[in-house]
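Chemist: have a look at this fold, sequence not included:
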């Protein structure tokens, strides 16, 4: 039926409007449904993104926690290792190892910890995360210190009772060579290029130079009485050797094998026979050397370019060995008689914290994969 007074053309127009209105009415619910679907999908997407963000944050937090800088300290009287979080400056755990643990070093990736269990006549390979002993390596009798080649493939072990340096293939667990050196070898070091190894012999007062490729001792350099520790500088041109009874540190030119400088120490009020150098550590920039002076309970700070002794830092009793945290921010010292570790702020050269560990702490190593990525580059 047409509207009153409407022409046929008007009627057609009205009919067209009604059909359009009807189609629009039919389309409206579908449009509302489509918009609702879009809103629901958007809410789901936002929820998913929030969950992913939270998950990523949690994972990042866990990774950050895993990267806490840990120091592993051997306690030779307790047959244990104390693990120190160097940020909180607290012992977080302690686990048992073989008898009289002394030397300690990590694999380059930090996945394995090597420990000289001297009275067990073994080198133990340990999972640092769990403290579980994975296996032993053949080490010769009474291993004292050792050095791992830069590629992590070979371990050079000083056998004090046998006057030998034992070389072990870490992967196959086989002895590659036993090299004759002087009586009571203790100190071990390998040059940064992995071409030269050094063993110090306490009774013979010698530094033995070892050709790593040939696995033979090639020559010797006489040093002061009872050499205990050897430390290459970063570019491998110099090696620093401490002589405990001699009370000196010899700086040796690697190319010529000649002593360039013999450094002596003097602390007001401390008897000279108590100035017994053992551990030596050099900063990465080659500016400073830190020397543990044993029963003097001091660490000497030495200008590594002029060889001038700059100062002495009082630490715990009978300081043995030293290790830097990443970036050389802190220096840790193991203090045998007082049974603790001293943390030294390298910038101010002041002791800032004493941390109680086990009985007679001796060696210390920082876990490499515990470092933030930026510090490992």
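Modeler: Sure thing, it's come through. Just so you know, these numbers come straight off a predicted model, no measurement behind them.

Chemist: quick one: contacts for residue 104?
Modeler: Residue 104 makes contact with 72-74, 81, 113-116, 363-365, according to CB atoms under 8 Å, 6 or more residues apart in numbering. Heads up, the C-betas are built off the backbone N, CA and C, glycines and all.

Chemist: now, which of the residues you listed sits nearest residue 288?
Modeler: Among these, residue 364 lies closest to residue 288 (CB to CB), at 18.3 Å.

Chemist: any idea which helix or strand carries that closest one?
Modeler: Secondary structure assigned from DSSP states H and E places residue 364 in strand 361-366.

Chemist: contacts for that strand next, please.
Modeler: So strand 361-366 is contacted by 69-76, 82, 86, 101-106, 113, 116, 145, 320-326, 332-336, 339-341 (CB under 8 Å, 6+ apart).

Chemist: what separation is there between the residue lying closest to residue 191 once chain neighbours are set aside and residue 267?
Modeler: Spatially, and ignoring its direct neighbours in sequence, residue 191 is nearest to residue 236 (4.3 Å; CB to CB, 6 or more residues apart in numbering). With distances taken as CB to CB, to the nearest Å, residue 236 is found 31 Å from residue 267.

Chemist: and the contacts of residue 104, which of them are in strands?
Modeler: 72-74, 81, 113-116, 363-365 (DSSP state E).

Chemist: straight-line length of stretch 232-245, end to end?
Modeler: End-to-end span of stretch 232-245 (CA to CA, to the nearest Å): 21 Å.

Chemist: distance between that stretch and the chain's centre?
Modeler: Between the centre of stretch 232-245 and the centre of its chain there are 20 Å (CA atoms, centre = their mean, to the nearest Å).

Chemist: go through that stretch and flag the buried ones.
Modeler: 232-233, 236, 238-244 (16 or more other CB atoms under 10 Å).

Chemist: neighbours around the nearest residue to residue 253 once chain neighbours are set aside, how many?
Modeler: Nearest non-adjacent residue to residue 253, counting by CB to CB, 6+ apart: residue 260, 5.3 Å away. By the criterion of other CB atoms under 10 Å, residue 260 has 11 neighbours.

Chemist: so what's residue 260 up against?
Modeler: Contacts of residue 260 (CB under 8 Å, 6+ apart): 238, 251-253.

Chemist: how about a cut-off of 10 Å?
Modeler: 238, 250-253, 307 (CB atoms under 10 Å, 6 or more residues apart in numbering).

Chemist: what does residue 194 give?
Modeler: 149-151, 153-154, 212-213, 236.

Chemist: same thing but 7 Å
Modeler: 149-151, 212 (CB atoms under 7 Å, 6 or more residues apart in numbering).

Chemist: tilt between the strand holding residue 364 and strand 113-117?
Modeler: Between strand 361-366 and strand 113-117, the angle comes out at 170 degrees (axes from the mean of the first three to the mean of the last three CA atoms, to 10 degrees).

Chemist: strand 361-366 pairs with which strands, parallel or anti?
Modeler: Each strand that pairs with strand 361-366, with its direction, by DSSP bridges: strand 70-75 (antiparallel).

Chemist: one step back: pick the one among the contacts of residue 194 closest to residue 139.
Modeler: Closest to residue 139, out of all of the contacts of residue 194 and judged by CB to CB, is residue 149, at 15.8 Å.

Chemist: what's near enough to touch the closest one?
Modeler: 190, 194.

Chemist: and it, how far is that from residue 108?
Modeler: Residue 149 is 9 Å from residue 108, by CB to CB.

Chemist: between these two, what contacts are shared?
Modeler: Common contacts of residue 149 and residue 108 (CB under 7 Å, 6+ apart): none found.

Chemist: can you pull out the helices in the stretch 251-377 of the chain?
Modeler: Ranges of helices in the stretch 251-377 of the chain, per DSSP state H, counting those that start in this stretch, are 373-376.

Chemist: shaky segments in it?
Modeler: 369-377 (pLDDT under 70).

Chemist: now do 50
Modeler: Under the criterion pLDDT under 50, the flagged ranges of the stretch 251-377 of the chain are 370-377.

Chemist: find the pair from the buried residues of stretch 232-245 with maximum spatial separation.
Modeler: 236 and 244 (24.4 Å).

Chemist: what's the mean pLDDT across stretch 84-96?
Modeler: Here stretch 84-96 scores 97 as its mean pLDDT.

Chemist: first-to-last residue distance for it?
Modeler: 15 Å.

Chemist: show me which of the contacts of strand 361-366 are buried.
Modeler: 69-76, 82, 86, 101-106, 113, 116, 145, 320-326, 332-336, 339-341.

Chemist: buried ones in stretch 348-364, by neighbour count?
Modeler: For stretch 348-364, by 16+ other CB under 10 Å, it's 349, 351, 353, 355, 357-358, 360-364.
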